[in-house]
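Chemist: With the input below, show me the fold.
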Amino acid sequence: MKRFVCNINVLWFATLPFILSSCVAQQPAFSQAEVRARELVRQMSLNEKIEQLHGFRDKTHFRVVPGLRRLGIPELLVTNGPAGVGPGGAGTQKKATALPAPIALAASWDTKLAYQYGKLAGEETIALGYNLLEAPDINIARVPQGGRVFESYGEDPLLASQIAVANLRGIQSTRVIGNVKHFAANNQETNRGSINEIIGERALHEIYLPAFEASIREGHSASIMCAYPRVNSAYNCENKPLLRDVLRKQWGFDGFVTSDFGAVHSTVSSIEAGLDLELPTGIYFGDAVRRALNEKEITEAQIDTMIVHRLTKMIEFGWLDHPLASESISAFEHGAISRQIAAQSMVLLKNEGNLLPLKRDKINRIALLGPYAVRTLSGGGGSSHVLPLYTVQPVDGIDGALEQQTQIDVLDGYDLDAATKAARRATIAIVMVGDDEGEDHDHGIVLSEVQNKLVEAVAAVNPHTIVVLKSGSAVLMPWIDKVAAVLEAWYPGEEDGNAVADVLFGHVNPSGKLPLTFRARAEDTLANHPDQFPGDGVTVRYSEGLEVGYRAYQAHHVQPLFPFGFGLSYTTFAMNNLHVEHQSDGVKVFFRVTNTGQREGAEVAQLYLTFPPIAEGNEPQHQLRGFAKVHLESGESQQIELALHPQDLRWWSEKTHSWQQTKGKFTIAVGDSSANTPLEARFIMP
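Modeler: Coordinates of the predicted model:
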């Protein structure tokens, strides 16, 4: 579209022809990459253009968008994420570093680790012959039963945003094209291909979209994947309010939109909404496009724009000038990074009598029991599953930490009598239980009866029972009062055995914090009506609005088993000296964190904000608005500075369909979890 720029002097208003002649028609300013992309598209035939709108599949190709050799355009080679390089291409899946599950990365509350995580995944994407990684998955964990909670970043929009931005920057630092997904509100697997999610405007903008906005505005994701479900009656891949109005117009997205595999339901509607690329093949963006052009339902200019979006990013990332070259993976170097991330992500939930860390010289015999004591749990199932380069078994990690000097009895726990006999003989009993989540289905949050009975039986005969929980989401713990210690290890990745041992024996001081709330009872689920989850097969209603995760528990005064943001350490910390300063661009918050214990460790200081009353309905009582992870030696103290910007003080108005700045008295609360915020201060926004 042309625009007209007129330099008008008011003295010449009487001379209209002069004014019109001084208005210079200008084209919008394009980047060099976009100019080049437009020139490439100009040289394509219509058949070539249509081939660029979708992927193709044959015996040797899958997850591939064809190149165009005569114009120097390479193939777009797509592989799955987000827990490392998953399935991609055709044939046998290639091996890669199995990183800890993304939910574990979120539990680290560490953006530096998130950058490392992304960078490693990007490097291996290139090494294995791909140039687009379908990652990160940033859908909010609305309910813990969601089948893909393990591959996302938890229940809070701010935490998900900051981990996603750092992860994307790491991925794209390697020239790999990031593909943030699944846009939007892909929060359940049940009927995901057709379910209609009815979501209020305010909840959509305050809970389910912020991490996507941050991924675009701050993470500069080059591409985004539209999801399977419908949001407010429109399929995501033909959802104009989301793809055109929010993504392009509000956020200024200049990348390209890909579909989830098989998530396209139309040709004309999808093109008009803003979908650029159909995957994996061209059911709707192949011959159907030619028919739509012939019927004048779409224009060739629209097709050109779709291709330009993608080619511009491929040019910016260097793929037209620097093609893929085969590389090798530094298996053990990357394994060491995976081990570090896994250990830093584990959350110590209970440590009665300071049983942990274990002391090698005080252990005569260990009983290592349970289904996840006899196998590694490198990751969840489905499209994010990584075929690991190697794995470290739990017993090998424990044996290494004990320097092969201690008897270890290893049993899967299915023979309860044998397990209890082994536990009775042992100085320490370590029971490894968990779940095995995967795409395509949701799940319960109750461990199998066999596993719960195993924990109960072992704890009854050995007071020094430690439960290592390997789960992809929150689970119930009916035995919590009967065991001495609980360590949430998530899905630890290929270095499972070593990473768990690192924490159990104190080589790493646990510093993870929960990225989602662990409920005490099954009935404490707050989106617990069938209309809310999983729906009636046609519709699911997000009638809880803003009351998601810890926001809901606080609003309804329900005591969780473990609150959002909770996690213990082998040392202790104190926070004090909170004060607030008004700045021209917002508010600065200052406070001090001190390591008051006997060993080094890391604490995650969390800032929660309470809004003044709002006419359209109050905001949740506490909302995470900032955090800082600080590493301190014993006795060391450090001042923390966190900033609150205008966007942190806004709320979405359903009357004006826009963000509104709030005036009045705000309360700042700082602490080590959503339920423990001893420091408070107030400020007034005029």
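Chemist: By mean pLDDT, point me to the weakest helix or strand of the protein.
Modeler: Using mean pLDDT, DSSP states H and E, the weakest-scoring helix or strand in the chain turns out to be helix 16-21, at a mean of 29.
Chemist: The nearest residue in space to Leu132 that is not next to it in sequence - how many residues pack around it?
Modeler: With sequence-adjacent residues excluded and distances taken as Cβ to Cβ, 6 or more residues apart in numbering, Leu132 is closest to Ile177, at 4.3 Å. For every residue, glycine as well, the C-beta is placed using N, CA and C. Other residues near Ile177 come to 27 when the count uses other Cβ atoms under 10 Å.
Chemist: again with Arg42
Modeler: Arg42, neighbours per other Cβ under 10 Å, totals 9.
Chemist: got a list of what it touches?
Modeler: Asp304 (Cβ atoms under 8 Å, 6 or more residues apart in numbering).
Chemist: repeat that for 10 Å
Modeler: The neighbours of Arg42, taking Cβ atoms under 10 Å, 6 or more residues apart in numbering as the test, are Asp304, Val308.
Chemist: State whether Ser674 and Gly567 are indeed in contact, as I suppose.
Modeler: No - contact criterion Cβ atoms under 10 Å: Ser674 and Gly567 do not qualify, at 11.7 Å.
Chemist: Looking at the two, which one has more neighbours?
Modeler: Shown here are Ser674 and Gly567; by other Cβ under 10 Å, Ser674 has more neighbours (27 against 21).
Chemist: quick one, what contacts that one?
Modeler: Contacts for Ser674 were tallied using Cβ under 10 Å, 6+ apart; they are 156, 513-514, 517, 549-551, 553-554, 560, 563-566, 606, 608, 621-624.
Chemist: Mind listing residues that contact stretch 678-686?
Modeler: With Cβ under 10 Å, 6+ apart as the contact definition, stretch 678-686 has outside contacts at 574-582, 586-587, 589-592, 605, 607-608, 610-612, 644, 646, 649, 661-672.
Chemist: Recalculate using a threshold of 8 Å.
Modeler: 575-576, 578-580, 582, 587, 589, 591, 649, 661-671.
Chemist: Pull out the buried residues from that stretch.
Modeler: By 16 or more other Cβ atoms under 10 Å, the buried positions in stretch 678-686 come out as Leu679, Ala681, Met685.
Chemist: can I assume Leu99 sits in a strand?
Modeler: No - assigned with DSSP: H, G, I helix; E, B strand; the rest coil, Leu99 falls outside any strand and is coil.
Chemist: Against Leu516, how distant is it?
Modeler: 19 Å (Cβ to Cβ, to the nearest Å).
Chemist: now the buried residues of stretch 678-686 as JSON lines including distance to Gly55 and secondary structure?
Modeler: Output for the buried residues of stretch 678-686, formatted as JSON lines (distance: Cβ to Cβ, whole Å; DSSP: H, G, I helix; E, B strand; the rest coil):
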{"residue": "Leu679", "distance to Gly55": "53", "secondary structure": "strand"}
{"residue": "Ala681", "distance to Gly55": "54", "secondary structure": "strand"}
{"residue": "Met685", "distance to Gly55": "49", "secondary structure": "strand"}
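Chemist: which one among these gets closest to Asn232?
Modeler: Using Cβ to Cβ, Met685 comes nearest to Asn232 of the buried residues of stretch 678-686, at 31.8 Å.
Chemist: Specify the beta-bridge partners of the closest one.
Modeler: Gly664 (DSSP bridges).
Chemist: ranges for the strands of the stretch 501-650 of the chain?
Modeler: Residue ranges of the strands in the stretch 501-650 of the chain, as given by DSSP state E, counting those that start in this stretch, are 539-541, 573-583, 586-595, 601-610, 623-632, 637-644, 650-653.
Chemist: What of the stretch 301-450 of the chain?
Modeler: Secondary structure of the stretch 301-450 of the chain by DSSP E, counting those that start in this stretch: the strands cover 347-351, 365-369, 387-388, 407-411, 428-434.
Chemist: Kindly report the same for the stretch 1-150 of the chain.
Modeler: Under DSSP E, counting those that start in this stretch, the stretch 1-150 of the chain gives strands at 3-6, 23-26, 64-65, 76-80, 95-96, 132-134.
Chemist: worst average pLDDT in these?
Modeler: Across these, strand 3-6 has the smallest mean pLDDT, namely a mean of 34.
Chemist: what about the stretch 501-650 of the chain, any weak spots by pLDDT?
Modeler: For the stretch 501-650 of the chain, applying pLDDT under 70 flags no range at all.
Chemist: sorry, back to before: and the residue nearest to Leu132, backbone torsions?
Modeler: Here is the backbone geometry of Ile177 (degrees, to the nearest 10): phi -80, psi 120.
Chemist: thinking it is in contact with Ile315, fair?
Modeler: No - at 11.4 Å, Ile177 does not count as touching Ile315 under the criterion of Cβ atoms under 8 Å.
Chemist: any common contacting residues for these two?
Modeler: Contacts common to Ile177 and Ile315, judged by Cβ under 8 Å, 6+ apart, are absent.
Chemist: Quick check: pLDDT value at Val446.
Modeler: Per-residue confidence (pLDDT) for Val446: 96.
Chemist: Thr125 versus the nearest residue in space to Pro612 that is not next to it in sequence, what's the distance?
Modeler: Of all residues not flanking Pro612 in the chain, Gly664 sits nearest, at 3.1 Å (Cβ to Cβ, 6+ apart). For Gly664, the distance to Thr125 (Cβ to Cβ) stands at 48 Å.
Chemist: In terms of neighbours, single out the busier of those two.
Modeler: The residue with more neighbours, out of Gly664 and Thr125, is Thr125; 29 against 12, by other Cβ under 10 Å.
Chemist: List the contacts of the more buried one.
Modeler: Thr79, Val85, Asn131, Leu132, Leu133, Ile171, Thr174, Val176.
Chemist: Let me know the closest of those to Tyr491.
Modeler: For those, the nearest to Tyr491 is Val85 (16.0 Å; Cβ to Cβ).
Chemist: isn't the closest one right up against His385?
Modeler: No - using Cβ under 8 Å, Val85 is not in contact with His385, being 10.7 Å away.
Chemist: Comparing the two, which shows the higher neighbour count?
Modeler: A count of neighbours by other Cβ under 10 Å puts Val85 above the other of Val85 and His385, at 32 against 20.
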